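> Starting from these lines, generate the structure:
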Amino acid sequence: MPINYLELVDTMPFPATKAEIVLFAQNHGASEEALDGFQALPEGIYESFSALSHRIGKIDELPGADANMFSSSQHDGAVNSKNNQ
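Got it, this is the predicted structure:
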């Protein structure tokens, strides 16, 4: 069954760092597989749920992509990082 990453963090307050997102997901019962996906996100500050959604949309490029329900065709946000990833 595909992982719904956004559902795991839909009540999270933003802005949030990658570490805060991982911790929030962990505290709300995310599986190890889901946590691995969040850990693979680029470092930075995610200004909004939409920005996180955009990066999660690219999660199909990460390990285990065949089990993920999002595709990189989503383009509705951005992450603010030093490297502009």
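> All the helices of the protein, in order from the start?
Under the criterion DSSP state H, the chain contains helices at 5-8, 18-27, 32-39, 49-57.
> Put together a markdown table for these, with mean neighbour count and mean pLDDT on each row.
Every residue, glycine included, has its C-beta placed from N, CA and C. Output for those, formatted as a markdown table (neighbours: other C-beta atoms under 10 Å; pLDDT from 0 to 100):
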| stretch | mean neighbour count | mean pLDDT |
| --- | --- | --- |
| helix 5-8 | 18 | 87 |
| helix 18-27 | 16 | 96 |
| helix 32-39 | 17 | 91 |
| helix 49-57 | 20 | 87 |
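> tell me the contacts of the residue nearest to residue 22 when sequence neighbours are not counted?
Nearest residue to residue 22 in three dimensions, chain neighbours excluded: residue 38, at 4.7 Å (C-beta to C-beta, 6 or more residues apart in numbering). By C-beta atoms under 8 Å, 6 or more residues apart in numbering, residue 38 lies in contact with 5, 18, 21, 22, 25, 30.
> and of those residues, the nearest to residue 56?
The closest of the contacts of residue 38 to residue 56 turns out to be residue 5 (C-beta to C-beta; 4.7 Å).
> Could you find the closest non-adjacent residue to the closest one?
Spatially, and ignoring its direct neighbours in sequence, residue 5 is nearest to residue 56 (4.7 Å; C-beta to C-beta, 6+ apart).
> Surely that neighbour touches residue 6?
Yes. Using C-beta atoms under 8 Å, residue 56 is in contact with residue 6, at 6.2 Å.
> now, the most widely separated pair of the contacts of residue 38?
18 and 30 (13.9 Å).
> Excluding chain neighbours, what is closest to residue 52?
Nearest to residue 52 is residue 46, by C-beta to C-beta, 6+ apart, at 4.5 Å.
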